[in-house]
Each structure stands twice: as structure tokens, then as C-alpha cells.
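Undergrad: need coordinates for the following:
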Amino acid sequence: MTPFSQRIRILPLTVLLASTGAWAQIQPVPENVLQLSASATVEVPQDLLALQLQVTREGTDAAQVQTHLKGVLDAALVEARKVAQPGQLDVRTGNFTVSPRYGRDGRITAWQGTAELLLEGTDFARISQAAGRIPGMAVSQAAFRLSRGQRELAERDAQAQAVASFRAKAGELARGFGFGGYTLREVSVQAADQGMPPRPRMLAMEAKSAAADAAVPVEAGRASVLVNVSGSVQLR
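TA: Sure, this is the predicted structure:
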């Protein structure tokens, strides 16, 4: 290798090191920067109910099991669609499966199938009454949560409270450290739902009439929407 070629290879590294050193020298070290966070929680009633209805069938013939499930699901859809209303009561099908069951010798001994129907909406009375009238299916799960509109309202409320708390805390800390005020450097806002467990009341004994007997008793809980504001401020 010639001396000239050695100089060509070394020169970029020398330039890079010099540039890195110069860049480090011109970057000021942040001073009087305060990291802090604030949060706010708003609790609101859960206004969306989802009921999952299910039918299970077992037999030695897979086709017969499937036909039975299809018949029950078709009848359930006809009944549910009579009272369906967009937003208040939406109807859709869930899982539909037929799977084999095996014996000790590894051979198929039977077939087991499951079909699901989902009722979801904000009209709890309409949903629970529809579930009680659907033939051949039983409620397997009840879940409550916040609708999109309810969640957005709660999130805006919690966000306003969290931002106000962040600003108040930043001002208080600035004065506590002997500064007159602060300017915002960076901020992050995060929101999350903290839903409480559903509380289905499967208590037919509470019914007072024949009409009430057909309805599935349910009772919604409350959900908490949490907003956290975190970031840094420059004390001045």
C-alpha cells in the first residue's frame, strides 16, 4: 500500500472525529430543566352492553351437529332482528365451530359444535328482553363498557383536569426552586380506560311478572377514564 493511499483512508476518520468534537462543544448542556407529570381520572357509568348467547350440540355425525346449530342460529337471528335498532341493539353472529372429540385410542368418538350470537347496544332493556325471548340459546357472557361518545366526553374532561394540574404543579415547583416561571419544553398526553368488571344479575327470582321473566336481568357498573400528562419544563 502506498503512503498516498494510506492518507486517503485516514483522512475521513480524522475529519469525522474533529466534526464530532466540534458538535459536542456547541451543544449546551440543559440546565434548570424539570421533569414532572400529572394525572386526572373521571368516573362515568358504562353505557354499552354486550350479551353473548351460545348453543352447544354434541353428536356422532358432524353434519347433523352443524345442521342443528344452523337451525338454532337462524331462528335466533329472526327473533333478534325483530327488535334490532342501530346503536340501541345491534345483532351479529359470533364463533361457529364443529370439532371432533377423541377417545383414548385416538379415534373420533363424537363431534361437538358451538354457535354464538352477539347482542350489543346502549338500550339495556331492549337487549335483555331480546336475549330472554331467543329460543334455544343461553347467555354465556355479559360485558359492559363505554360507548365511543361517552369515552370521548370523559377523556376530554379528564384531559382538561390533567393539563390544569400539570400547569399548576409546574408553576408551584418553579416558585419553590426560586424561579419566576417556566416555559414548556416537551409534553406527552396518554389516556386509558379502566373499566370495572361487569356485574350481570342472573337472578330470575327478582322478576315480578311474566314479561320480566323473559328478560335477562343485568346491571351496569362504572368505568374510570385516566389521562396522564408528562413532560419537561424550562425553569426561568
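
Undergrad: least trustworthy helix or strand in the protein by mean pLDDT?
TA: Across the helices and strands of the chain, mean confidence by mean pLDDT, DSSP states H and E is lowest for strand 199-200: a mean of 43.

Undergrad: and for Q35, the neighbour number?
TA: Residues lying near Q35 (other C-beta atoms under 10 Å) number 10. Yep, even glycine has a C-beta here, placed from its N, CA and C like the rest.

Undergrad: for this protein, which segments count as helices?
TA: Taking DSSP state H to define them, one finds helices in the chain at 3-26, 62-81, 124-133, 148-176, 210-214.

Undergrad: other SSEs contacting the fourth one?
TA: Applying 3 or more C-beta pairs under 8 Å, 6 or more residues apart in numbering; DSSP states H and E, we find helix 148-176 packed against strand 33-45, strand 182-195, strand 222-235.

Undergrad: rerun at 10 Å
TA: strand 33-45, strand 48-59, strand 182-195, strand 222-235 (3 or more C-beta pairs under 10 Å, 6 or more residues apart in numbering; DSSP states H and E).

Undergrad: now it against strand 182-195, angle please.
TA: 140 degrees (axes from the mean of the first three to the mean of the last three C-alpha atoms, to 10 degrees).

Undergrad: just how off-centre is helix 148-176 within its chain?
TA: 22 Å (C-alpha atoms, centre = their mean, to the nearest Å).

Undergrad: so what's N32 up against?
TA: 174, 177, 179, 182, 233-236 (C-beta atoms under 10 Å, 6 or more residues apart in numbering).

Undergrad: show me the chain divided up by domain.
TA: Taking automatic domain parsing as the reference, the chain has its domains at 29-46+147-236, 48-145.

Undergrad: do you know how far V189 is from T97?
TA: Counting by C-beta to C-beta, to the nearest Å, the gap from V189 to T97 is 42 Å.

Undergrad: same check, this time on L184
TA: Distance check for L184 against T97: by C-beta to C-beta, it reads 54 Å.

Undergrad: now R175
TA: R175 is 64 Å from T97, where distance means C-beta to C-beta.

Undergrad: in the protein, where is pLDDT below threshold?
TA: For the chain, applying pLDDT under 70 flags the ranges 1-27, 29, 194-214.

Undergrad: residue contacts, the most centrally placed residue in it?
TA: Centroid check for the chain by C-alpha atoms, centre = their mean gives D193 as the closest residue, at 6.9 Å. Contact analysis of D193 by C-beta under 10 Å, 6+ apart lists 46, 145-146, 151, 154-155, 223-226.

Undergrad: do A160 as well
TA: Applying C-beta under 10 Å, 6+ apart, the residues near A160 are 40, 42, 227.

Undergrad: make a markdown table out of those residues and add neighbour count.
TA: Output for the contacts of A160, formatted as a markdown table (neighbours: other C-beta atoms under 10 Å):
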| residue | neighbour count |
| --- | --- |
| A40 | 19 |
| V42 | 19 |
| V227 | 24 |
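
Undergrad: can you add distance to P28 and give these back as CSV?
TA: Output for those, formatted as CSV (distance: C-beta to C-beta, whole Å):
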residue, distance to P28
A40, 34
V42, 41
V227, 33
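
Undergrad: ok, so of the residues you listed, who is nearest G136?
TA: Nearest to G136 among these, counting by C-beta to C-beta, is V42 at 41.7 Å.

Undergrad: narrow the contacts of N32 to those that are buried.
TA: Burial by neighbour count, 16 or more other C-beta atoms under 10 Å: within the contacts of N32 this picks out 174, 179, 182, 233-235.

Undergrad: between these, which is nearest L117?
TA: Nearest to L117 among these is V233, at 53.6 Å by C-beta to C-beta.

Undergrad: surely that closest one touches A38?
TA: No - applying C-beta atoms under 10 Å as the test, V233 and A38 come out as separate, 11.7 Å apart.
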